[in-house]
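K.L.:
Could you work out the structure for the sequence below:
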Amino acid sequence: MQPLAERMRPKSLDDYVGQQHLVGPGAVLRRMIDSGRISSFILWGPPGTGKTTLAQIVANRLELPFSTLSAVTAGVKDVRDVIERSRMNPLFRTKGSPILFIDEIHRFNKAQQDSLLGAVERGDITLIGATTENPSFEVIRPLLSRMQVYVLNSLEKDDLLKLLDRAVKTDVLLRERHIELRETTAMMRFSGGDARKLLNILELVVESCGDGDAIITDKLVTECLQQNPLAYDKDGEMHYDIISAFIKSIRGSDPDAALYWLARMVQAGEDPAFIARRLIISASEDVGLANPNALLLANAAFDAVMKIGWPEGRIPLAEATVYLATSPKSNSAYMGINAALENVGQTGNLPVPLHLRNAPTQLMQELGYGTEYKYAHDYQDHYVKQQYLPDALAGTTFWTAQNNQQELKIKERMDALKSRPE
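P.N.:
This next block holds a predicted model:
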């Protein structure tokens, strides 16, 4: 018998839960599917958010041939074989291009991705890729330029509760049992917005009750998962939980815990690039201006790991981990850009002040573009008082120095410049 998560896989958009920004009424994928014409795209999101299911629903709805490859096991020859079979399919010219779904497309190397370019360009296939990694890092630019990227979000609590209720009432096995979802908080917490993980947990807990009634409580769920820590994580999906613990240990200045979680990822064979990118993000988000060298070291660790790979790559990763964990912390840059983004979202496209505009044409010069601009290098200390924000935001502050030696030094310098007589 198939696992519960597979038995509950939706067959139509009406049964699909979540991602309403993509498949809800009037949403982009819904319009594409309803029109009967789809272009190649990538589904980017965490595990268990419905990427594979959505690809299958698209193929079923449009009645197109559907082939699947896993980037973990497939090579260039496998890709070419599928493309050739797709071109020879009698439905190719009558119904549309067959769909090739590639799971974990971020694991394809450059040569494998290059082998897809011609087929996508000619329309021999409609390529749908699924990835848990940022496509801009993992997918080559020529292929990315030929595909749209759609972002899937972790499922909300209401979505997960709907899945639980549906499973208990409609699954061929569970509906024969007396199952009471008395408490669901623990299942929500352990699943982390992952539908597959949630259904695996439900199946595990129900099985632990034997043939009797299954009265599901938070205590029962916790006990079952402590006894079977890998039972609901068969595909290594705890990698998101572990990377979260890793980053939070660095943020909390605990080098021992950070090294432990790093070791867990190394032992599990985690992609070293995935770890190295998170270190770069942590260096900017959590250490920031309190120790600007952290970003340099994290970036150097990334370059080193790309050059030497496993197992020696663990050493520069460990060096960067300890350095970040023991560095002073500041999230002022992170908070500053978030504040600026929130403001932009509220105020829209405010006009650039005339004196800051470029004037490449005679007409722009006549209109006063750039005429009152003061070139900072012509002034003492390369600084001159001048308005750089739009008029409506003049005087607004987005970046605030935090209480650490480096940023207090920066603030002292900026205050001195700003207070200097004109």
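
K.L.:
And the strands in the chain?
P.N.:
Under the criterion DSSP state E, strands of the chain are mapped to 41-44, 66-70, 99-103, 126-131, 148-151, 179-181, 214-216.

K.L.:
Pull up the pairing partners for the third one, direction included.
P.N.:
This points to strand 99-103. Looking at strand 99-103 with DSSP bridges, its partner strands are strand 66-70 (parallel), strand 126-131 (parallel).

K.L.:
mean pLDDT for the strands of the chain: which is lowest?
P.N.:
In terms of mean pLDDT, the lowest-scoring of the strands of the chain is strand 66-70 (a mean of 81).

K.L.:
Looking at the strands paired with strand 99-103, which is nearest to residue 272?
P.N.:
Comparison of those against residue 272 by Cβ to Cβ identifies strand 126-131 as nearest, at 17.2 Å. Every residue, glycine included, has its C-beta placed from N, CA and C.

K.L.:
before we move on, back to that, looking at the strands of the chain, which is closest to residue 281?
P.N.:
strand 41-44 (16.5 Å).

K.L.:
gap between that closest one and the chain center?
P.N.:
In terms of Cα atoms, centre = their mean, to the nearest Å, the centre of strand 41-44 is found 11 Å from the chain centre.

K.L.:
cool, and stretch 387-406?
P.N.:
29 Å.

K.L.:
May I have that stretch as CSV, with CA atoms only?
P.N.:
Provided in CSV are the C-alpha atoms of stretch 387-406 (Å, rounded to 0.1, in the frame of the first residue of the first chain):
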residue,chain,number,x,y,z
GLN,A,387,19.3,66.0,-0.1
TYR,A,388,19.5,62.5,-1.6
LEU,A,389,16.0,61.2,-0.8
PRO,A,390,12.8,62.2,-2.7
ASP,A,391,11.2,65.4,-1.4
ALA,A,392,8.4,63.5,0.3
LEU,A,393,10.9,61.5,2.4
ALA,A,394,13.5,64.2,3.2
GLY,A,395,15.0,63.6,6.6
THR,A,396,13.7,60.0,6.9
THR,A,397,16.1,57.5,8.7
PHE,A,398,16.3,53.9,7.7
TRP,A,399,19.6,52.8,9.1
THR,A,400,20.2,53.2,12.9
ALA,A,401,23.6,52.4,14.4
GLN,A,402,23.6,49.7,17.1
ASN,A,403,25.5,49.6,20.3
ASN,A,404,28.8,48.0,19.2
GLN,A,405,32.3,49.4,18.8
GLN,A,406,32.3,49.4,15.0
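
K.L.:
Contacts for it next, please.
P.N.:
289-292, 328-333, 335-337, 339-340, 343, 347, 350-353, 355-356, 407-408, 410-411 (Cβ atoms under 8 Å, 6 or more residues apart in numbering).

K.L.:
Could you pull out the buried residues of it?
P.N.:
398-399, 401-402, 404, 406 (16 or more other Cβ atoms under 10 Å).

K.L.:
next one: stretch 117-136
P.N.:
For stretch 117-136, by 16+ other Cβ under 10 Å, it's 119-120, 124-133, 135.

K.L.:
Which pair of the residues you listed spans the longest distance?
P.N.:
Across the buried residues of stretch 117-136, the longest distance by Cβ to Cβ is 26.9 Å; it joins 124 and 132.

K.L.:
and the closest residue in space to residue 422 that isn't next to it in sequence, how many neighbours?
P.N.:
Excluding the flanking residues, the one nearest residue 422 by Cβ to Cβ, 6 or more residues apart in numbering is residue 385, at 5.8 Å. Neighbour count for residue 385, taken as other Cβ atoms under 10 Å: 11.

K.L.:
next one: residue 5
P.N.:
22.

K.L.:
Okay, now the unreliable bits of the stretch 301-422 of the chain?
P.N.:
359-370 (pLDDT under 70).

K.L.:
That one: helices as residue ranges?
P.N.:
314-326, 332-347, 362-366, 405-419 (DSSP state H, counting those that start in this stretch).

K.L.:
gap between the last one and the chain center?
P.N.:
To tie it back to what came earlier, the one meant is helix 405-419. On Cα atoms, centre = their mean, the centre of helix 405-419 falls 36 Å from the chain's centre.

K.L.:
Rebuild the buried residues of stretch 117-136 as TSV, extending it with distance to residue 306.
P.N.:
Listed next are those as TSV, based on distance: Cβ to Cβ, whole Å:
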residue	distance to residue 306
119	29
120	27
124	33
125	31
126	32
127	26
128	28
129	22
130	24
131	19
132	20
133	15
135	18
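
K.L.:
quick one: which of these is nearest residue 244?
P.N.:
Out of those, the member with the shortest distance to residue 244 (by Cβ to Cβ) is residue 132, at 13.8 Å.

K.L.:
What does that closest one show for phi and psi?
P.N.:
Residue 132 adopts backbone torsions of phi -100, psi 0, taken as degrees, to the nearest 10.

K.L.:
ok, it to residue 384 distance?
P.N.:
Distance from residue 132 to residue 384, counting by Cβ to Cβ, to the nearest Å: 48 Å.

K.L.:
Sounds good, over and out.
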